[in-house]
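Asker: The following block contains a protein sequence and its predicted model.
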Amino acid sequence: MKKKFNISLPDYLTLDMYTKVSKNEGTDISKLVTTVAALLKIEEKDVKLYPTQLIQEIYKDLQQLALPKESFHALVEYNGTLYGYSDIHKMNLGCFVDMEEYCKDLGNNLHKIAALLYRPVVKNKFKSLEFIVNQGIRTALKQGVENPFEYYDIETYDSEKVQDRWEEMKDFPSHILLGAIGFFLTVASMYSAGTASSKRTISKKMETLLQLSMKDLLSTLTGDGGQPFIDYLKPVSYQSQEISV
């Protein structure tokens, strides 16, 4: 009699899952076991009890979770709270200082960056918002609005207050944060070109460090499956459904 296994796939790849998967530098088999264990939230020793064919089928399904379905979202509903992306033009000095510090070890600080880049919306001018549900996550969209940053205010950055959300942000969807980091890099790159360089609000050191760290981190995810994430790093006429720059 064949043993039955109850498999429950997650709706999306969380930052905690993403971090565990990307840290594995072992053999292909070791990476496979780590990936399945992290994404199913079970022990690696239990994964080793699964039939080889079942592991391969699960791994194939889980790889799809690593592919972002959308590019960038300014407004995201997470754990019942509406979060807004922190516009680079409105960031205070403390926010930049902490961002640069977290970039030094991106692989272990994704949840901290998520808490920094996405903070609760405290006020907005939208009369109504349309929500799109994708991979179990509700993202807000307002048709006809080119720059949503002008329509909402988020909680002022305070490092101590943000630290209280670090643990919660470990379950934040990785594809949402990676899209936000890609957008952040694109905007930062604009300050590096031509006369705009004199108006920089982000240091070249931070920009370079973040790009290099992202490439190293993403390349370890699922081989070729990480390519769509790396594409986010190309600062060329970045577009999304919600905003253009």
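Answerer: On my side now, so go ahead. Only a predicted model underlies this, so the values are computations on that prediction, with no experimental measurement involved.
Asker: got the contact list for stretch 79-97?
Answerer: 72-77, 99, 116-121, 140, 149, 152-154, 156-159, 168, 180, 183-184, 187-188, 201-203, 206 (CB atoms under 8 Å, 6 or more residues apart in numbering). No exception for glycine: its C-beta is placed from N, CA and C like everyone else's.
Asker: low pLDDT regions in this structure?
Answerer: Applying pLDDT under 70 to the chain flags residues 1-4, 65-71, 142-146, 189-245.
Asker: residues touching the spatially most central residue of the chain, list them.
Answerer: Centroid-nearest residue in the chain: residue 177, 1.9 Å away (criterion: CA atoms, centre = their mean). With contacts defined as CB under 8 Å, 6+ apart, the neighbours of residue 177 are 15, 110, 113, 114, 117, 118.
Asker: Any chance of CSV for these, columns secondary structure and distance to residue 132?
Answerer: CSV is the format used below for the contacts of residue 177 (DSSP: H, G, I helix; E, B strand; the rest coil; distance: CB to CB, whole Å):
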residue, secondary structure, distance to residue 132
15, helix, 21
110, helix, 23
113, helix, 24
114, helix, 20
117, helix, 20
118, strand, 17
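Asker: would CSV of these with neighbour count be doable?
Answerer: Shown next, in CSV, are those (neighbours: other CB atoms under 10 Å):
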residue, neighbour count
15, 22
110, 25
113, 22
114, 27
117, 24
118, 25
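Asker: gap between the helix or strand containing the residue nearest to the centre of the chain and the chain center?
Answerer: Element membership for residue 177 (DSSP states H and E) is helix 174-190. Relative to its chain's centre, helix 174-190 lies at 9 Å (CA atoms, centre = their mean, to the nearest Å).
Asker: Likewise for stretch 55-67?
Answerer: Taking CA atoms, centre = their mean, one finds stretch 55-67 lying 18 Å from the centre of the chain it belongs to.
Asker: Could you do stretch 97-117 as well?
Answerer: Counting by CA atoms, centre = their mean, stretch 97-117 comes out at 11 Å from the chain centroid.
Asker: cool, and stretch 163-175?
Answerer: On the basis of CA atoms, centre = their mean, stretch 163-175 sits 10 Å off its chain's mean C-alpha point.
Asker: buried residues in that stretch?
Answerer: Neighbour counts over stretch 163-175 (16 or more other CB atoms under 10 Å) mark 165, 169, 170, 171, 172, 173, 174, 175 as buried.
Asker: Can I get the buried part of the contacts of stretch 79-97 as one PyMOL selection?
Answerer: Applied in PyMOL, the following selects the buried portion of the contacts of stretch 79-97 according to 16+ other CB under 10 Å:
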select buried, resi 72+73+74+75+76+77+99+116+117+118+119+121+140+149+152+154+157+180+183+184+187+188+202+206
